[in-house]
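A.B. asks: only the shape, not the letters, is given here:
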């Protein structure tokens, strides 16, 4: 996986060097943490104005930067902490690149995260937004999240129920109380993938939805699909200078869905709700792939990705996002919400 520039002994203070958008102003102070205790101690000393930054793949930082302490999480480590006949529990450091962990799981014959291959960013960020793709999400396999609780000044393990996982969110999102240090994943011992839930992936694998595929075949196919959509980081491809999907898929009640009367693809959500593809709404509101703003544009490969074409600014990107959001609302009466975390900026 190609990643954004890593920290060095003398790290840059311009935060654009540490985000996949290549956008963001300067840090007040920038430090690197390579051990969990360094993270905890730095957060203690820097409270309350501290920003934790790892892969930088799901964050939009304002052009004014962050006037406080930025901690670059560079912890590493993957280890099996429990072994059972049919499963294992693997503990992963928060700063471990996510796709490196997925590659490790597939190599070891551990099933459950293979459809999340190719996603940029760090392992510790995945529970924060309950990362998901191609029918899998990390909530399906997380056994515990080890955190520093700033309110109680203690380190503790949080169960999945305590994490409050929901569609692209959790108790950790927009909440400075918890600092993720490590994540435990319970994975099946299997040479086959988990059941394939996503129709596009099932089609490319040549299986029926609900069937399984070879573990490595599933990973390779997912990565190929993501590459075709500009969703695997490549410094030479401006379509990948993004945060991935900028908007979440809108979820509306069954009653609201009936009121909208849309002839749109959709699928059931929780509690009888209906999920509508944001990409479908964006395209039919007049925003095609490649739709451009000032130094920014919708990806030429994927409608949900807003990209920095080089020379763009955060405000220009947010201006494009506002235009798309307002256009969808004006045409369909549906509100789009951003998926990334916005730091020192607003939509």
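C.D. replies: That came through fine. Everything numeric here is computed off the predicted structure, so don't read it as measured data. Numbering: from 1, shown residues only.
A.B. asks: for the rest of this, base every contact and every neighbour count on C-alpha atoms.
C.D. replies: Fine.
A.B. asks: and the helices in the stretch 1-150 of the chain, which stretches?
C.D. replies: 36-46, 98-108 (DSSP state H, counting those that start in this stretch).
A.B. asks: make TSV out of those helices and add mean neighbour count, distance to residue 342 and mean pLDDT.
C.D. replies: Shown next, in TSV, are those (neighbours: other C-alpha atoms under 10 Å; distance: least, C-alpha to C-alpha, whole Å; pLDDT from 0 to 100):
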stretch	mean neighbour count	distance to residue 342	mean pLDDT
helix 36-46	17	20	95
helix 98-108	19	21	98
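A.B. asks: so which of the ones you listed gets nearest residue 298?
C.D. replies: Closest approach to residue 298 among the helices of the stretch 1-150 of the chain is made by helix 98-108 (24.6 Å; C-alpha to C-alpha).
A.B. asks: give me the helices and strands touching the closest one, please.
C.D. replies: Counting contacts by 3 or more C-alpha pairs under 8 Å, 6 or more residues apart in numbering; DSSP states H and E, helix 98-108 packs against helix 215-228.
A.B. asks: the inter-axis angle of the helix it packs on versus helix 98-108?
C.D. replies: 150 degrees (axes from the mean of the first three to the mean of the last three C-alpha atoms, to 10 degrees).
A.B. asks: how about residues contacting stretch 72-80?
C.D. replies: Here stretch 72-80 makes contact (C-alpha atoms under 8 Å, 6 or more residues apart in numbering) with 7, 30-36, 39, 52-54, 88-96, 101.
A.B. asks: what about those residues, which are in strands?
C.D. replies: 30-33, 52-53, 88-93 (DSSP state E).
A.B. asks: max pairwise distance over those: which two?
C.D. replies: So, the ones in strands among the contacts of stretch 72-80 by C-alpha to C-alpha: farthest apart are 30 and 88, at 36.7 Å.
A.B. asks: what strands line up against the helix or strand bottoming out on mean pLDDT in the chain, and which way round?
C.D. replies: The helix or strand of the chain with the poorest confidence is strand 267-268; it has a mean of 90 (mean pLDDT, DSSP states H and E). When sheet partners are counted by DSSP bridges, strand 267-268 sits next to strand 274-275 (antiparallel).
A.B. asks: check which helices and strands the next helix or strand after the strand it pairs with is in contact with.
C.D. replies: For strand 274-275, the following helix or strand on the C-terminal side (DSSP states H and E) is helix 278-284. Helices and strands touching helix 278-284, by 3+ C-alpha pairs under 8 Å, 6+ apart, are helix 314-332.
A.B. asks: ok, the closest residue to residue 238 other than its chain neighbours - contacts?
C.D. replies: Closest residue to residue 238 apart from its sequence neighbours, by C-alpha to C-alpha, 6 or more residues apart in numbering: residue 309 at 5.6 Å. Going by C-alpha under 8 Å, 6+ apart, residue 309 touches 238-239, 241, 295-297.
A.B. asks: run the last query once more with 7 Å
C.D. replies: By C-alpha atoms under 7 Å, 6 or more residues apart in numbering, the contact list for residue 309 reads 238, 295-297.
A.B. asks: just the mean pLDDT for stretch 338-347, thanks.
C.D. replies: Average pLDDT, stretch 338-347: 96.
A.B. asks: what residues of it count as buried?
C.D. replies: Buried residues in stretch 338-347, defined by neighbour count with 16 or more other C-alpha atoms under 10 Å: 339-343, 345.
A.B. asks: stretch 199-215 now?
C.D. replies: 201-202, 205, 208, 212-215.
A.B. asks: stretch 130-141 now?
C.D. replies: Those would be 130-132, 134, 136-141, for stretch 130-141 by 16+ other C-alpha under 10 Å.
A.B. asks: what's the answer for stretch 68-88, then?
C.D. replies: 68-76, 78, 88.
A.B. asks: which one of those residues is nearest residue 187?
C.D. replies: Taking the buried residues of stretch 68-88 together and measuring to residue 187 by C-alpha to C-alpha, the closest member is residue 88, at 5.5 Å.
A.B. asks: so that closest one sits against residue 187, correct?
C.D. replies: Yes: here residue 88 reaches residue 187: they are 5.5 Å apart, a contact under C-alpha atoms under 7 Å.
A.B. asks: got JSON lines for the buried residues of stretch 130-141, with distance to residue 284 too?
C.D. replies: Output for the buried residues of stretch 130-141, formatted as JSON lines (distance: C-alpha to C-alpha, whole Å):
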{"residue": "130", "distance to residue 284": "28"}
{"residue": "131", "distance to residue 284": "26"}
{"residue": "132", "distance to residue 284": "25"}
{"residue": "134", "distance to residue 284": "23"}
{"residue": "136", "distance to residue 284": "27"}
{"residue": "137", "distance to residue 284": "28"}
{"residue": "138", "distance to residue 284": "31"}
{"residue": "139", "distance to residue 284": "32"}
{"residue": "140", "distance to residue 284": "33"}
{"residue": "141", "distance to residue 284": "36"}
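A.B. asks: residue ranges of each domain in this structure, please.
C.D. replies: 15-73, 78-228, 238-343 (automatic domain parsing).
A.B. asks: now the terminal residues of the second one, how far apart.
C.D. replies: When you say that, I think you mean domain 78-228. 29 Å (C-alpha to C-alpha, to the nearest Å).
A.B. asks: from the chain's centre, how far out does it sit?
C.D. replies: On the basis of C-alpha atoms, centre = their mean, to the nearest Å, domain 78-228 sits 11 Å off its chain's mean C-alpha point.
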